[in-house]
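> What shape does this take:
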Amino acid sequence: MVRFTDISSCPLSGPLRVVVPTESVSSFMGDTALLRCEVTGEPMPVVRWQKNRVDLPTAFDLDSRVVVLPSGSLQVSRVQPPDSATYRCLAENPGSARTGTDADLRVLPGMVSRAALYRSFICYCGIGLCSTS
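Predicted structure coming up:
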């Protein structure tokens, strides 16, 4: 007698696959930056990140500006100049491990408001009155 077993319930480990690769990002100071690293595999891979090849903390902290999202992407809130660095996504499950490509986060100086730009234009072009106060 031949017996068939439902193998869909067997715990198999499959290789992981990068769904969304990491790319470099530029963000204005004070904004939120998102470095994407979305992977899939069976079982679902665990994602961790490095900054300049040093592991970032994996423990979740409500006060942290740097958080690994459930998707695996890294979110940096209220970006500051020290956040400018090279980041790397690392993913692993029992079936395999994969190191993502390096991606740079560039922090740009804060944006100038349109009102300030307009005021500068008016003063520069000699239209209207300008005050230094």
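> Buried ones in the strand or helix carrying Ala103, by neighbour count?
Assigned by DSSP states H and E, Ala103 belongs to strand 96-108. By neighbour count with 16 or more other CB atoms under 10 Å, strand 96-108 contains the buried residues Arg98, Gly100, Ala103, Leu105, Val107. Where C-beta positions appear, they are placed from N, C-alpha and C, glycine not excepted.
> Provide the contact partners of it at residue level.
With contact meaning CB atoms under 8 Å, 6 or more residues apart in numbering, strand 96-108 is reached by 13, 15-16, 18, 21-29, 33, 35, 37, 39, 41, 45, 76, 79-81, 83-92.
> before we move on, the earlier item: between the buried residues of strand 96-108, which is closest to Asp55?
Nearest to Asp55 out of these is Gly100 (CB to CB; 13.9 Å).
> Nearest residue to that closest one in space, ignoring adjacent ones along the chain?
In space, and not counting its chain neighbours, Gly100 is closest to Cys89: 3.6 Å by CB to CB, 6 or more residues apart in numbering.
> check which helix or strand covers the one you found.
strand 85-93.
> helices and strands around that strand, which ones?
strand 46-51, strand 96-108 (3 or more CB pairs under 8 Å, 6 or more residues apart in numbering; DSSP states H and E).
> For Val66, find the nearest of those strands.
Closest approach to Val66 among the helices and strands packed on strand 85-93 (CB to CB): strand 46-51, 8.2 Å.
> what about whatever helix or strand comes next after the closest one, distance to the chain center?
Counting by DSSP H and E, the next helix or strand C-terminal to strand 46-51 is strand 54-55. On the basis of CA atoms, centre = their mean, to the nearest Å, strand 54-55 is displaced by 15 Å from the centre of the chain it belongs to.
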